[in-house]
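Student: Structure, please.
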Amino acid sequence: MRISSTLFFQTGLNSINAQQSDLMHLYQQIGSGQRMVTPADDPLAAAQAINISQSQSLNARFAANREVAKQNLGIEENALNSVTTLIQDIKTRLVEAGNGTLSDADRATLSNVLSNARSNLLGLANSTDGSGQYLFSGAKGETAAYQDDNGKIVYKGDEGQRKIQADQTRQIAGSDVGSDIFNRAAPGTQVYLSRAVPDSVTGLMVGTGVISTPTLSDPSGANVGSTFTIEFTGPEPEDYSVTVTRPDGSSPPPTTGKFTPGPEATLDLGGGVQVKLSGVPGVGDTFVVEPASSPDYIATKIASASDATIGSPTVADYSKVRSGDVFTIEFTSATEYIVKVDNASATPTSETFPVQNYTPGRENTLTLPYGMQVKISGNPAASDTFTVQAATGPKTDLNIFDTLDSIIAALANPIQGNANATAQFQNTLATAVQRLDVNYNNVLTVRASVGSRMNELDALDANGSLRALSYSSQLSKMEDVDYYRATAQLQLRTSALEAAALAFRKIQATSLFNMGRN
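Tutor: Coordinates of the predicted model:
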């Protein structure tokens, strides 16, 4: 066959260019350390590398979020630690205030001390995080959590919880709502508080009665969770009545009794609650015994002959809770029940859900519609009915600043030589001590929650580090060049390029003129 000069030269040039291109590709791989210089080198691995890189970026973002959460929780822990120490100091001062040998001047000095402690506590309640946001004001980070409103410290934040996305499926609260720290008892607290109601005109007690801390004689009593009002109605000074206000707002007929004055007498308020009263109350004196933590929902058993009992309802999913829902649990047999939900909203609705199974003889957790749960134990009988609904009764206000204001004012008032004023002061002091104990326990509960969240963040960090290592390892396998293989290929391609150039020169040198010259 005949080969033209053009084809001869073009073939040689193409061969050299191809070898140079392969050599350049190897240079780029070795220089960049990347096996895939372009996606065309390995299309499948290139697509997988993009997905892994995105996951790696998200993992790094979650790690940065966790650092922010740990910083905020660390600041909160420091603030709550200071609050704990401050409340301990306040409680010590209140014990000193109960010393009967103190003069009015001594008590006034303690009043000034507690005023300073109140200012310190307000500063701690308005702590800020690293970005200047108020820690305890809920979602209103730009608003101070507690502010002075006509001499009364009130919460100005909201109930929103600032959550941080700490992982793909986990959001962690980076702070706590101030009203959940300084205005309430720890959830589930079964503690009663007592207080005396002074005369509306004189501001003092009529008599010298002093009420102490209530006790629960029967935690499962019928009236546990209710508020008790003890009123000395007369006509005799020892005559009193007890009015029970249940969480649903209902009140059975008041009960009456006679008080025997003495060092300390125990009043049985009925339904599992007792309280001690000392001194000599006067006609018109009123004392209130109320739960520190009122339930958000209450459960009631409609009278029946079975031994089944229902526990306190709990909210399993707040996002599903609807206002105005009343749940009715009706047993159609000893092992089956149905749930009806009535809603008294602007457009009343009523729903009946399918039959559910119940296991007699042990405690069953019933999952109700719309985010509610309740436990029933025992052996229900057919036609047993239970209801679960929102509590509508009064809730105890445990604002710690109100407590401090009351005792500061009481310490500033002279009481020497006035038995009624002394009794009023002792009641105010006893109430303040009880409430501060509840506030103190709640702060410790919140601190425990902060600690558990920090532990969870550490665990998520450990998992995130392992994921980051796994992503890096996978990307390295797909993207990083094998230097041993690339170096060997480089030597091979260099030799091939030299061979192609040498062959071109050899063939190009072959001609009649060269042969004639030899």
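Student: For the closest residue to residue 330 other than its chain neighbours, give me its contacts.
Tutor: Nearest non-adjacent residue to residue 330, counting by Cβ to Cβ, 6 or more residues apart in numbering: residue 385, 4.9 Å away. All C-beta spots, glycine's among them, are computed from the backbone N, C-alpha and C. By Cβ atoms under 8 Å, 6 or more residues apart in numbering, the contact set of residue 385 is 301, 302, 304, 328, 329, 330, 331.
Student: Of those residues - the most surrounded one?
Tutor: Ranked by neighbour count (other Cβ atoms under 10 Å), the contacts of residue 385 have residue 329 at the top, with 24 neighbours.
Student: what's the neighbour count on residue 293?
Tutor: For residue 293, using other Cβ under 10 Å, the count is 19.
Student: Assign a three-state SS to it, would you?
Tutor: Of the three states, residue 293 takes coil under DSSP: H, G, I helix; E, B strand; the rest coil.
Student: Was I right to think it contacts residue 184?
Tutor: Yes. Using Cβ atoms under 8 Å, residue 293 makes contact with residue 184 at a distance of 7.0 Å.
Student: Against which helices or strands is the helix or strand hosting residue 461 packed?
Tutor: For residue 461, the element it lies in under DSSP states H and E is helix 419-479. Taking 3 or more Cβ pairs under 8 Å, 6 or more residues apart in numbering; DSSP states H and E as contact, the helices and strands that helix 419-479 lies on are helix 43-97, strand 163-167, strand 170-173, helix 178-182, strand 192-197, strand 210-211, helix 400-412.
Student: In CSV, list these along with distance to residue 269, mean neighbour count and mean pLDDT.
Tutor: Shown next, in CSV, are the helices and strands packed on helix 419-479 (distance: least, Cβ to Cβ, whole Å; neighbours: other Cβ atoms under 10 Å; pLDDT from 0 to 100):
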stretch, distance to residue 269, mean neighbour count, mean pLDDT
helix 43-97, 26, 16, 91
strand 163-167, 42, 19, 91
strand 170-173, 38, 16, 90
helix 178-182, 29, 23, 92
strand 192-197, 9, 21, 90
strand 210-211, 11, 25, 90
helix 400-412, 23, 20, 95
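Student: follow-up on the earlier one: got the angle between the helix holding residue 461 and helix 43-97?
Tutor: Angle, helix 419-479 to helix 43-97, by axes from the mean of the first three to the mean of the last three Cα atoms, to 10 degrees: 160 degrees.
Student: for the following helix or strand past helix 419-479, packing partners?
Tutor: Reading on from helix 419-479 to the C-terminus, the next helix or strand found by DSSP H and E is helix 483-509. Other elements packing on helix 483-509 under the criterion 3+ Cβ pairs under 8 Å, 6+ apart are helix 5-32.
Student: Next, the angle from the helix it packs on to helix 483-509.
Tutor: 160 degrees.
Student: Give me the distance from helix 5-32 to the chain's centre.
Tutor: Distance of helix 5-32 from the chain centroid (Cα atoms, centre = their mean, to the nearest Å) equals 66 Å.
Student: And for stretch 267-278?
Tutor: 35 Å.
Student: Check what contacts it and list those residues.
Tutor: Defining contact as Cβ under 8 Å, 6+ apart, one finds that stretch 267-278 is touched by 192, 194, 209-224, 226, 228, 230, 240, 242, 244, 255, 257, 259, 262-266, 287, 289.
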